[in-house]
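Enquirer: got a predicted model here, sequence first, then my questions.
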Amino acid sequence: MRSILLLAATAFSLFFTTAFTTSNSTTAQDFQPIEPAVFKIMEVTALWDLLKSNYEPIRERDDTWLDVGLRSKYAMARNYASMDVIEATFGQPIFLRGPHNGDLDFNSTTSFGYYNPNFIASVHKAVEATLANPMFKAMGKGVYEKHLKSMAHTYIDAHKYLKEQDDLRNTLTQEYLLMMAKPEGTMDGSLQEKFRGYAEKMENSTAKSNIYEAFTAPAFWLRRSIDGTDDEFVALLKMVVTEFEK
């Protein structure tokens, strides 16, 4: 009960401290309401420490038994940033096609989500505006350093790795698409195992990547190279890393 009250109090406080932005003037007509997408990013960031401290993965609910990786982070934030909430906030679909209907489907073996480039462009614009908000800077940097920095670097490195491995990327792309075209689809973890050597190298590197994230990051970028959004995603990620690591 106490944690629920803390979450409510944090969100309530955030609303009143960020509901309006000001120009150099202090007159009432100079107050401008904050964009819904910008506020949503700030809201989830402000709640992140509390969401993290109260999160215990449940395999049947979250499709993961780990507290690292993209799935656990989505599960933590689902009450505030579920797929339908995000689509309502940005006013457009996240995916052009794929198995996701109302919520993310991590269990499809015959399809995956093709991201909507217009949605990614809108996210990029909203994140850029959020990073420019002085009230967000300290809070956002703290959450990034504590919870997201290692994963961000793992994903950037995985993108670079796959970009530099043209033959591997092309081979795995064909193999992946052929598997999904079969009635049985892809086998559990079949694509991730292709990156075991890379993941173990990253785990033992000076970056000390989490091995699960190093396993799954290249597969994420392989799907993004197929749907054509890898460059947009990595540009968004690099913008955040650059801003918080100035």
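Expert: In hand now; what should we look at? Residues are numbered from 1 along each chain as shown.

Enquirer: and the host helix or strand of Phe119, which residues are buried?
Expert: Using DSSP states H and E, Phe119 sits within helix 117-131. Within helix 117-131, the residues scored as buried using 16 or more other Cβ atoms under 10 Å are 119-120, 122-123, 126-127, 129-131. C-beta coordinates here come from the backbone N, C-alpha and C atoms, glycine included.

Enquirer: do stretch 232-243 as well
Expert: Going by neighbour count (16+ other Cβ under 10 Å), the buried part of stretch 232-243 is 232-234, 236-237, 240-241, 243.

Enquirer: now compare those and name the two farthest from each other.
Expert: Farthest apart among those by Cβ to Cβ are Glu232 and Glu243. That separation is 17.2 Å.

Enquirer: what is the nearest of the buried residues of stretch 232-243 to Gly185?
Expert: Nearest to Gly185 among these is Phe233, at 24.1 Å by Cβ to Cβ.

Enquirer: OK, contacts around the closest one?
Expert: 115, 120, 224 (Cβ atoms under 8 Å, 6 or more residues apart in numbering).

Enquirer: reformat those residues as TSV; add distance to Glu193 and pLDDT.
Expert: Converted to TSV, the contacts of Phe233 look like this (distance: Cβ to Cβ, whole Å; pLDDT from 0 to 100):
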residue	distance to Glu193	pLDDT
Tyr115	24	98
Ile120	28	98
Arg224	19	97
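
Enquirer: helices along the protein, start to end?
Expert: Using DSSP state H, the helices of the chain run over 2-18, 36-53, 59-62, 69-81, 83-90, 117-131, 134-143, 149-164, 166-181, 196-203, 211-227, 230-244.

Enquirer: avg pLDDT for the first one?
Expert: Computed over helix 2-18, the mean pLDDT rounds to 44.

Enquirer: same deal with the fourth one?
Expert: Taken as a whole, helix 69-81 has a mean pLDDT of 95.

Enquirer: likewise for the longest one?
Expert: Confidence over helix 36-53, taken as the mean pLDDT, stands at 96.

Enquirer: okay, angle between it and helix 83-90 too, please.
Expert: Angle, helix 36-53 to helix 83-90, by axes from the mean of the first three to the mean of the last three Cα atoms, to 10 degrees: 150 degrees.

Enquirer: between the helices of the chain, which one is closest to Thr109.
Expert: helix 166-181 (7.1 Å).

Enquirer: was I right about Gly98 contacting Asn116?
Expert: No - counting by Cβ atoms under 8 Å, Gly98 does not reach Asn116; the two are 10.4 Å apart.

Enquirer: and for those two, which residues touch both?
Expert: By Cβ under 8 Å, 6+ apart, Gly98 and Asn116 have no common neighbours.

Enquirer: re the thing from before, okay, the helices of the chain, which one's buried deepest?
Expert: Of all the helices of the chain, helix 211-227 has the most neighbours on average by mean count of other Cβ atoms under 10 Å, namely a mean of 21.

Enquirer: what angle do that one and helix 69-81 make?
Expert: 80 degrees.

Enquirer: name the residues that touch helix 211-227?
Expert: Counting by Cβ under 8 Å, 6+ apart, 66, 68-70, 96, 112-115, 150-151, 154-155, 157-159, 161-162, 169, 172-173, 176-177, 191-192, 194-196, 198-200, 202-203, 230, 233-234 sit against helix 211-227.

Enquirer: thanks a lot, see you next time.
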